[in-house]
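Asks: predicted coordinates and the sequence they were generated for:
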Amino acid sequence: MSAMGTLPASLGPVTELVGRELEAAMLRERLRDPLVRLVTVTGRAGVGKSRLALEVVREIGGEFGRVEVLDAGAPDTPSALTAVTAVTGLAGPCSPSARGGEPGRFLLLLDGCDHEARAGAAAALEALAGDPRVVVLATAVEPLGVYGELLLPLAPLPVPGPVRGPAGGAAADPQELAEVASVELFVRRARAADPAFALTLENAGAVAEICTLLDGLPLAVELAARRLRLLPPHLLPVRLRDRTTVLSGGPANAPERHRSLAALAEWSCRGLDAPARALLGRLAVYEPGFGLSAAGLSAEPAVDTLMDRGLLVVVGEEQGELRLAVSEPVRSHAREVLAQAGEEDAARDAHAERYRTLVGSAQAGLGGTGQDHLLRELAAEGANVTAALRRLRERGDGEAAAALVLGCRLPWLAQGRLREGLEWCDESDGAGGAVLPEAVRARLADMSGVFALALGDPQEAVRRHRRALALGKGVGDRRQNALVSAHLGAALLAAGDPPGARAVLVTALSALESMGVTGGAAGAAASLAGVLRAEGDRRRAQELLDRAVEALRRTRDGRGLAGALRTEAALALDGDEPARADRALRESLRLYGEVGERSELPGLLEEFSLLLMRTAPAQRPRTVRLLAAADTLRAETGAAVADEWRSAAERARTDLGARLDWTDFAVAWAEGVRMTAPQAVAEALAAPAPARRPTTGPAPEDQSLTPRQVQVALLVSEGMTNRQIAARLDISEWTVVNHVRQVMRRLGCSSRVQVAGAVGRWT
């Protein structure tokens, strides 16, 4: 126990708080509330509970008559109950502190109420519950369970999001990273270790990866920053990827658990019962972001125990299901314990089997009902599916690995994991080709052709599909060979050979229809419609496409339907029907949004952008954003684009750059680059739909708009914000707000989108 001003060294030195402004403000407010008796700051070990509590006590301690600090976990400290009883004896009557605090109020900081100290601390706090003069601030890994306890959960610091762009092709922006709290803490501590350190374009990516690997845990980030005395930033992530517990070197006056991540992890697991330890070991082999159902945890009572202790943490949510992770460094420590006990291989085998079953059971629904749900679930579990593949490969189970790869065809296509999918196909066939059945090798070759086409290499796709057909001849699987032929036809069309594509697709379509393969036949029909369109036979193309769309709607194959609707939009534009093309592209966008599509979305966004330029010239800023988003999303997949289409997109960008002010173009492009796929879909769908120009359309003057309001309406229709309009017209933002309100009222519009639509009918 210590009076204010003689705080224990074990509680750490006085250092600035980073990224804890909100939590500090909330804690100050609660401690000042006259009705509050106990606040417990909870959070996993190393998250900075003691530092936050101590800093807040330093800030507001003068508002209390007396302040005392007790380190509940110190070995030389009396039992918590005895200590607090002694404190209460000192507390009445309290005299004002030297700094003028309120007499009669007593603030006790009870730090480290964990493990062995938890029961005594809880009993002591219950004894104090009836004394209105005493306010207790406690820190603990989990709630103390005392009546009247208010909790302030403390999470790790935010970490950088994924770097946009192709793997290794886009550098992290140092200015953006510096605003992320975990990176800010790393930079401050790195400068303390090496005053010459600076966050640069060269080391920003490594720093971001370090903070992400360490889950933003403040103690871990600080220990990593100290390592810069020994290792350059780009080598430090290599050391941490497999085992974060290598970090050590904490201050000598810190508690033992704060001097290394290995000690911190061991301390965090202390006191766990056997079921909780067993579950922790089993989950340590899972990659972060697994679901409760995927890991078979729905009925595990030990889950709550691990979550209460911060050993199992929530990292997100997908379709209403929590995504979980074993926190670092506990995960590394648990895997080391598994390895020492000789149980790691069995745990990884069980993990691989679970995900092989998960992918296998999803196949029936991926082609129709439930497709959107299954694709999103498999996307969320992507890292664990890849880990399962690696395990199957390591143990030499080539056939099981190949089956899992084949099950990932549609999920990987939707996720945009094109290069990775192609490599897995080649490795599965090459590494195990001598022992794999020919039927499996034929399916791998066919799947690799699909990925090659998606990557923008139709000639390579043709070669791979023909190899698949050659391998499949000896197998005699008519259904599979017909599906391969349908894929070959699509590749031949993309390669510029419509006659060859037509010959292959006609045969494939006939075979698939005779066998009742509805989904495959619909896909072949849609491809054949594309061939007929290329040959100028729009009528037959439309008939085939109508059949395909009807079949795809019936089977509820959303992704396949979206692709067919893109062909329908192209046919509509050939017939000068922009409104019908717009409807088809919008439905396609909605469908891609539902399944989380990445591979084909960039092309669709570009098609919609070109249509928007034609039907809504006032939407130029939005068009620029969509083109930028498409360019960035395509770069993430690594897909190439045909020269003809690239020229069209470049011409569109050039035209937009000429018609927009340079600053407006640059701002819109930067906004598009930052968009995620869902944001890009929402941006496209927010554009006004094309409308027929009325024969006597209302002019702006007829609507009683002033000249200034006409200017504002035109700029609103271009997608500008109020701030951008204010800057363009050199007026205040509040004036713009009033003008926009008047415009909407006089035009009878309820949204800015409707204003844009009304403006589009003026010209």
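Replies: That came in fine, so what should we check first? Residues are numbered from 1 along each chain as shown.
Asks: would you mark the buried spots in stretch 541-548?
Replies: Ala541, Gln542, Leu544, Leu545, Arg547, Ala548 (16 or more other C-beta atoms under 10 Å). Just so you know, the C-beta spots here come from the backbone N, C-alpha and C atoms, and that holds for glycine as well.
Asks: out of those residues, which are inside helices?
Replies: Mapping the buried residues of stretch 541-548 onto helices (DSSP state H) picks out Ala541, Gln542, Leu544, Leu545, Arg547, Ala548.
Asks: and which of the residues you listed is nearest to Asp33?
Replies: Ranked by distance to Asp33 (C-beta to C-beta), these are led by Ala548 at 65.4 Å.
Asks: now the ones in helices among the buried residues of stretch 541-548 in CSV, with pLDDT and distance to Gly638?
Replies: Formatted as CSV, those follow (pLDDT from 0 to 100; distance: C-beta to C-beta, whole Å):
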residue, pLDDT, distance to Gly638
Ala541, 94, 31
Gln542, 94, 34
Leu544, 94, 32
Leu545, 94, 30
Arg547, 93, 34
Ala548, 94, 29
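Asks: count the neighbours of Glu577 for me.
Replies: 14 (other C-beta atoms under 10 Å).
Asks: now do the one 3 residues further on
Replies: The number of residues packed near Arg580 is 16, by other C-beta under 10 Å.
Asks: again, but for Ala642
Replies: The tally of other residues near Ala642 (other C-beta under 10 Å) stands at 13.
Asks: would you list the phi and psi of it?
Replies: With angles defined as degrees, to the nearest 10, Ala642 sits at phi -60, psi 150.
Asks: report the contact partners of the closest residue to it other than its chain neighbours.
Replies: Take Ala642 and drop its neighbours on the chain: the residue closest to it by C-beta to C-beta, 6 or more residues apart in numbering is Gly456, 6.9 Å away. Counting by C-beta atoms under 8 Å, 6 or more residues apart in numbering, Gly456 touches Ala639, Ala640, Val641, Ala642.
Asks: what segments of the stretch 251-400 of the chain are helices?
Replies: Remark: helices assigned in the stretch 251-400 of the chain by DSSP state H, counting those that start in this stretch are 261-268, 274-283, 302-308, 330-340, 344-366, 371-380, 382-394, 398-407.
Asks: turn these into TSV, columns for mean pLDDT, distance to Ala72 and mean neighbour count.
Replies: Formatted as TSV, the helices of the stretch 251-400 of the chain follow (pLDDT from 0 to 100; distance: least, C-beta to C-beta, whole Å; neighbours: other C-beta atoms under 10 Å):
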stretch	mean pLDDT	distance to Ala72	mean neighbour count
helix 261-268	92	14	23
helix 274-283	91	23	18
helix 302-308	87	18	17
helix 330-340	94	22	20
helix 344-366	94	35	17
helix 371-380	92	40	20
helix 382-394	95	39	20
helix 398-407	95	50	22
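Asks: now the terminal residues of stretch 34-46, how far apart.
Replies: End-to-end distance of stretch 34-46: 30 Å, with C-alpha to C-alpha, to the nearest Å as the criterion.
Asks: stretch 245-261 too?
Replies: 5 Å.
Asks: what's the local residue count around Arg395?
Replies: Neighbour number of Arg395 under other C-beta under 10 Å is 14.
Asks: these two touch, right, it and Asp349?
Replies: Yes - counting by C-beta atoms under 8 Å, Arg395 touches Asp349, with 7.3 Å between them.
Asks: how about stretch 736-752 as PDB, C-alpha atoms only?
Replies: What follows is stretch 736-752, C-alpha atoms only, in PDB (Å, rounded to 0.1, in the frame of the first residue of the first chain):
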ATOM      1  CA  VAL A 736     -24.200  25.600 -49.800                       C
ATOM      2  CA  VAL A 737     -26.300  23.600 -47.300                       C
ATOM      3  CA  ASN A 738     -29.100  26.200 -47.600                       C
ATOM      4  CA  HIS A 739     -29.000  26.200 -51.400                       C
ATOM      5  CA  VAL A 740     -29.200  22.400 -51.500                       C
ATOM      6  CA  ARG A 741     -32.200  22.400 -49.300                       C
ATOM      7  CA  GLN A 742     -33.900  25.000 -51.500                       C
ATOM      8  CA  VAL A 743     -33.000  23.100 -54.700                       C
ATOM      9  CA  MET A 744     -34.500  19.800 -53.200                       C
ATOM     10  CA  ARG A 745     -37.700  21.600 -52.100                       C
ATOM     11  CA  ARG A 746     -38.300  23.400 -55.400                       C
ATOM     12  CA  LEU A 747     -37.500  20.400 -57.500                       C
ATOM     13  CA  GLY A 748     -39.600  18.000 -55.300                       C
ATOM     14  CA  CYS A 749     -36.500  15.900 -54.500                       C
ATOM     15  CA  SER A 750     -35.900  14.000 -51.300                       C
ATOM     16  CA  SER A 751     -32.200  13.100 -51.900                       C
ATOM     17  CA  ARG A 752     -29.100  14.300 -53.800                       C
END
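Asks: would you turn the buried residues of stretch 541-548 into JSON lines with distance to Glu23?
Replies: As requested, the buried residues of stretch 541-548 are arranged in JSON lines below (distance: C-beta to C-beta, whole Å):
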{"residue": "Ala541", "distance to Glu23": "62"}
{"residue": "Gln542", "distance to Glu23": "61"}
{"residue": "Leu544", "distance to Glu23": "62"}
{"residue": "Leu545", "distance to Glu23": "57"}
{"residue": "Arg547", "distance to Glu23": "60"}
{"residue": "Ala548", "distance to Glu23": "56"}
